[in-house]
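Trainee: I'll drop the sequence and a predicted model, then ask my questions.
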Number of protein chains: 2
Amino acid sequence: MHVLVIGAAGMVGRKLVQRIAADGGIGGRDVSKLTLVDVVSPAAPPGIPAEAWAADLSAPGEAARMVAGRPDLIYHLAAIVSGEAEADFEKGYRINLDGTRLLFEAIRQEGLRQPYTPRVVFTSSIAVFGAPFPEAIPDEFHLTPLTSYGTQKAIGELLLADFSRRGILDGIGIRLPTICIRPGAPNKAASGFFSGILREPLAGREAVLPVPDSVMHWHASPRAAVGFLLHAAGLDTGPLGARRNLTMPGLAATVAEQIEALRRVAGDRAVALIRREPDETIGRIVAGWPRRFDAKRAEALGFRAETSFDEIIRVHIDDELGGKLA
Amino acid sequence: MHVLVIGAAGMVGRKLVQRIAADGGIGGRDVSKLTLVDVVSPAAPPGIPAEAWAADLSAPGEAARMVAGRPDLIYHLAAIVSGEAEADFEKGYRINLDGTRLLFEAIRQEGLRQPYTPRVVFTSSIAVFGAPFPEAIPDEFHLTPLTSYGTQKAIGELLLADFSRRGILDGIGIRLPTICIRPGAPNKAASGFFSGILREPLAGREAVLPVPDSVMHWHASPRAAVGFLLHAAGLDTGPLGARRNLTMPGLAATVAEQIEALRRVAGDRAVALIRREPDETIGRIVAGWPRRFDAKRAEALGFRAETSFDEIIRVHIDDELGGKLA
C-alpha cells in the first residue's frame, strides 16, 4: 500500500508517520511506500521507502504532483490553524479551502485518466460547531462554525462527502477533539492553553491559564488522534452511507478537572506553576466552543479515546517525557 | 436604495423584479435603481431606472463589475439547478460554488477600498438536507446534502455566515421550499413533476407523475418565495446572530393531497389528465429529499407561506392564468 501524508511535518502528521514506520503498516496491511509532503520538508522515517518534499498544496500543479503516484491512501492533515486563519483571512481560505478542493480535484482528474478511487482521510475539527449548543452535542447537530477555520473545515467536509458520493474518492472526515497534551512549542491555536497548563508544569515551567476553571472542553491525546487516523484507514465505509464526517470520541473535562488530574499525577508543586491571567479575547473565543459530544456513531464504528485526564497526562509522560517526570 | 439582482431572468428573479417595480420599493423603502444580471439579458421593468446585462458570474471580473455600483441590497438568485448540477459536475461547481464565492469576494474587495457592507439575500434550498430525516426536520438539523447542488448551496450558506460574521456583508440565506406551481416550461430540476401534475392539467394538458401518490414534500408558491425575499431585505439581522441561514416555512403535502386539491379546484377532468409513469431514477432522488420541516425560526421572524394546496393552486390561477381556468 502506498500512503500519501499531506501535512506530514505537523505534530499529528509526524506522530502518524512514526507510528506507521514502527508498525511497518496500517491495521495489518503492509505499507510499501510513503510520500510525505508539507510546507517544510518532512522527515522520512527509517524502514519504509519514502519520498518527502516541501510544497504548498494551494500552488498550481502541486496537488496533481502529490497524487501522480496514485497513492492508495491519502491523509490530508494540512491546515492553517484557527488563530492564524482568523488573523489572515486570505491565507486561511487559500490553504484550508482552496488547498482541499485542489487536492480532491486532482484526484478526480487522475481518475478521469484511469480509474482511481483512493481512501482519503481528512482531519476536520470540532470547530465546525459553534454555540449555542445542547448539553451534549449529537451526531445530527448542524454545522455552525464561529471561526473562518471552522467554516473552511465544514466546507471541506461537504466536499469530501460529495466527492465520495460521486465515487471520485472514498472519504472519511475525522472531527478531532482538541488535542491535549500538545507537545513542543505553542502554535497559534487559541486552544493552546489547554495543553500549556499541563505540559509546562510537567516540565517544571510556569504556564498561563487565561480562562476560568469552570470552562469545559472536549479532549483527546495525540496518541488517540493517531489511533483515529489509523482506524479510519481500514474502516468499511459502507455503513457510513453519505454521511462521511464523524465526530470523534473524546473526554469532556473542565479546566478544574484537568488541574486535579495534574495534581494526582505530578503533585501540588506542578499545580502551583499555573498562573491565572484572564484574557477576554481567548475567553470570548472559547465561550463559542463545544463542551461535550455524544459521539455515538464513531464509538459504534470502533473509534476510541481516553476516558480520564490522568490517562491523557500519562500518555504525554510516556510518549514525550521518556516515561518519567522531570 | 440601489438593488442588484443576480439571476434576474430566472423564474423567481423575474417575479421579484416585477413586484419591486409594481410596489415602487421594498417594504416601504424606495428603490431608486435596479441592476439586473443573468446569463441571458434580463428584462428591465418600467418605472424604475434600471441597468440590465448578460454575464457569467464565474467569469473573471464579472462579480467586481456587478458590485462596482455599490448596491445597498444584493439578491443572489443565480444557480445551476439540481438536475443539471448533478449531470454537469464542473458547471455546477463553477457557477454555484465559485460564482457565489467570487461575488462575496468582490464585495470584500469593494469594502477594502471604502467601507461597504451590503445586505445580501442568498437563495439556498432544502436540498442542503438529505435523508435519513426525523419526521419533522428542526432548525438545528445538520447539513447532509445528497446532491452536488445541495452541497454547493450548503457551502454558499457557510460562506455567507462567515463573511457576515466578519462584517464583510450582511447576509441572509433563504432555504426555499420546492416552488410549486412553477410556471412555464419544465426546467431540469428533478422536482419538476410536483408542479407539472398541477400546471399541465390546469391548462388542459396531460402530465406525467413518476412517483407514488404517497410521496410527501415541502412546498411554497412563487408568490410566497418572492415574499420571503422581500421580507429578508428589511429584516433586522441582529437576532439571527451567527446563524444566517433560515429554513423557510412551507406546506408539507403528499402527491395525493396535491391531487385532491386539484380535484377541488379544477374537477375530475383535470385530475384525469395525470398519467402515472413510475421513474426509478426520479423515485430514488426524491426518496432522499426532506418531507416536512419545523421552520420555527423563520416563522418567528415573520416569514409566511401558504397553508393549503388549494391556496397554492389559486395563487397560480391568479398570477399565471389571469384568474380563471381554461
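Mentor: Received, thanks.

Trainee: how much space between A:L143 and chain B?
Mentor: 5 Å (Cβ to the nearest Cβ, to the nearest Å). Heads up, the C-betas are built off the backbone N, CA and C, glycines and all.

Trainee: That residue - how many residues pack around it?
Mentor: Other residues lying near A:L143 total 24 when counted by other Cβ atoms under 10 Å in any protein chain shown.

Trainee: Reduced to three states, what does it come out as?
Mentor: A:L143 falls in the coil class when you classify it by DSSP: H, G, I helix; E, B strand; the rest coil.

Trainee: give the contact list for it.
Mentor: A:V128, A:F129, A:A154, A:E157, B:H142, B:L143, B:L158 (Cβ atoms under 8 Å, 6 or more residues apart in numbering or on different chains).

Trainee: JSON lines please, covering these and showing secondary structure.
Mentor: Shown next, in JSON lines, are these (three-state DSSP):
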{"residue": "A:V128", "secondary structure": "helix"}
{"residue": "A:F129", "secondary structure": "coil"}
{"residue": "A:A154", "secondary structure": "helix"}
{"residue": "A:E157", "secondary structure": "helix"}
{"residue": "B:H142", "secondary structure": "coil"}
{"residue": "B:L143", "secondary structure": "coil"}
{"residue": "B:L158", "secondary structure": "helix"}
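
Trainee: Using JSON lines, lay out those together with distance to A:K296 and pLDDT.
Mentor: Formatted as JSON lines, those follow (distance: Cβ to Cβ, whole Å; pLDDT from 0 to 100):
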{"residue": "A:V128", "distance to A:K296": "17", "pLDDT": "96"}
{"residue": "A:F129", "distance to A:K296": "15", "pLDDT": "95"}
{"residue": "A:A154", "distance to A:K296": "20", "pLDDT": "98"}
{"residue": "A:E157", "distance to A:K296": "18", "pLDDT": "98"}
{"residue": "B:H142", "distance to A:K296": "14", "pLDDT": "94"}
{"residue": "B:L143", "distance to A:K296": "19", "pLDDT": "94"}
{"residue": "B:L158", "distance to A:K296": "24", "pLDDT": "98"}
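
Trainee: List buried members of the residues you listed by neighbour count.
Mentor: A:V128, A:F129, A:A154, A:E157, B:H142, B:L143, B:L158 (16 or more other Cβ atoms under 10 Å in any protein chain shown).

Trainee: of all the contacts of A:L143, which comes closest to A:L273?
Mentor: Ranked by distance to A:L273 (Cβ to Cβ), the contacts of A:L143 are led by A:F129 at 32.2 Å.

Trainee: so the closest one sits right up against A:D139, yeah?
Mentor: No - counting by Cβ atoms under 8 Å, A:D139 is not a contact partner of A:F129; they are 11.2 Å apart.

Trainee: what's the distance between A:A52 and A:L4?
Mentor: Distance, A:A52 to A:L4, using Cβ to Cβ, to the nearest Å: 11 Å.

Trainee: Compare the two (neighbour count), which wins?
Mentor: A:L4 (24 against 18).

Trainee: got the buried residues for stretch A:42-56?
Mentor: For stretch A:42-56, the neighbour count (16+ other Cβ under 10 Å) marks A:P42, A:A44, A:P45, A:I48, A:A50, A:A52, A:A55 as buried.

Trainee: For the residues you listed, which two are the farthest from each other?
Mentor: Spanning the widest gap among the buried residues of stretch A:42-56 are A:I48 and A:A55, at 20.2 Å by Cβ to Cβ.

Trainee: For A:F193, list the residues it contacts.
Mentor: Contacts for A:F193 were tallied using Cβ under 8 Å, 6+ apart; they are A:A207, A:V208, A:L209, A:P210, A:V211, A:I282.

Trainee: Out of those residues, which comes closest to chain B?
Mentor: Within these, proximity to chain B (Cβ to the nearest Cβ) peaks at A:I282, which comes in at 17.8 Å.

Trainee: What pLDDT is listed against that closest one?
Mentor: A:I282 carries a pLDDT value of 89.

Trainee: With the one 3 residues further on instead?
Mentor: On pLDDT, A:I285 comes in at 83.

Trainee: same deal with A:G288?
Mentor: So, for A:G288, pLDDT stands at 85.

Trainee: Out of the buried residues of stretch A:42-56, name the ones that lie in strands.
Mentor: A:A50, A:A52 (DSSP state E).

Trainee: ok, of the buried residues of stretch A:42-56, which one's closest to chain B?
Mentor: Closest to chain B, out of all of the buried residues of stretch A:42-56 and judged by Cβ to the nearest Cβ, is A:A55, at 23.5 Å.

Trainee: Quick check: nearest residue in space to the closest one, chain neighbours excluded?
Mentor: Once flanking residues are discounted, A:A55 sits nearest to A:E62: 4.6 Å by Cβ to Cβ, 6 or more residues apart in numbering or on different chains.

Trainee: cool, A:V40 as well?
Mentor: Using Cβ to Cβ, 6+ apart, the nearest residue to A:V40 is A:A9, at 5.1 Å.

Trainee: Show me which residues of the stretch 151-300 of chain A sit near chain B.
Mentor: A:T151, A:A154, A:I155, A:L158, A:L159, A:A161, A:D162, A:R165, A:R166, A:A242, A:R243 (Cβ under 8 Å from any Cβ of the partner chain).

Trainee: Now stretch A:116-131: buried residues?
Mentor: Buried-residue list, stretch A:116-131, by 16+ other Cβ under 10 Å: A:116-130.

Trainee: what would the residues of the stretch 151-300 of chain A next to chain B look like in CSV with secondary structure and distance to A:P183?
Mentor: Formatted as CSV, those follow (DSSP: H, G, I helix; E, B strand; the rest coil; distance: Cβ to Cβ, whole Å):
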residue, secondary structure, distance to A:P183
A:T151, helix, 28
A:A154, helix, 28
A:I155, helix, 29
A:L158, helix, 32
A:L159, helix, 31
A:A161, helix, 32
A:D162, helix, 35
A:R165, helix, 37
A:R166, coil, 39
A:A242, coil, 37
A:R243, coil, 33
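
Trainee: Which two of the residues you listed have the greatest separation?
Mentor: Farthest apart among these by Cβ to Cβ are A:T151 and A:R166. That separation is 22.9 Å.

Trainee: And those two? Which one has more around it.
Mentor: A:T151 (30 against 14).

Trainee: From the contacts of A:F193, list the buried ones, please.
Mentor: A:A207, A:V208, A:L209, A:P210, A:V211, A:I282.

Trainee: State the pair within those that is farthest apart.
Mentor: Maximum distance among the buried ones among the contacts of A:F193 (Cβ to Cβ): 13.6 Å, for A:A207 and A:I282.

Trainee: Give me the subset of the buried residues of stretch A:116-131 lying in strands.
Mentor: A:R119, A:V120, A:V121, A:F122, A:T123, A:S124, A:S125.

Trainee: quick one: which of those is nearest to chain B?
Mentor: Using Cβ to the nearest Cβ, A:S124 is the member of those that lies nearest chain B, at 12.8 Å.

Trainee: mind checking pLDDT for that closest one?
Mentor: Looking at A:S124, the pLDDT reads 98.

Trainee: Residues in a beta bridge with it, which ones?
Mentor: With DSSP bridges as the criterion, the beta-bridge partners of A:S124 are A:R175.

Trainee: and it, what does it touch?
Mentor: Contacts of A:S124 by Cβ under 8 Å, 6+ apart are A:K153, A:A154, A:G156, A:E157, A:G173, A:I174, A:R175, A:L176, A:N245.

Trainee: what about the stretch 101-250 of chain A, any weak spots by pLDDT?
Mentor: Applying pLDDT under 70 to the stretch 101-250 of chain A flags the ranges A:186-188.
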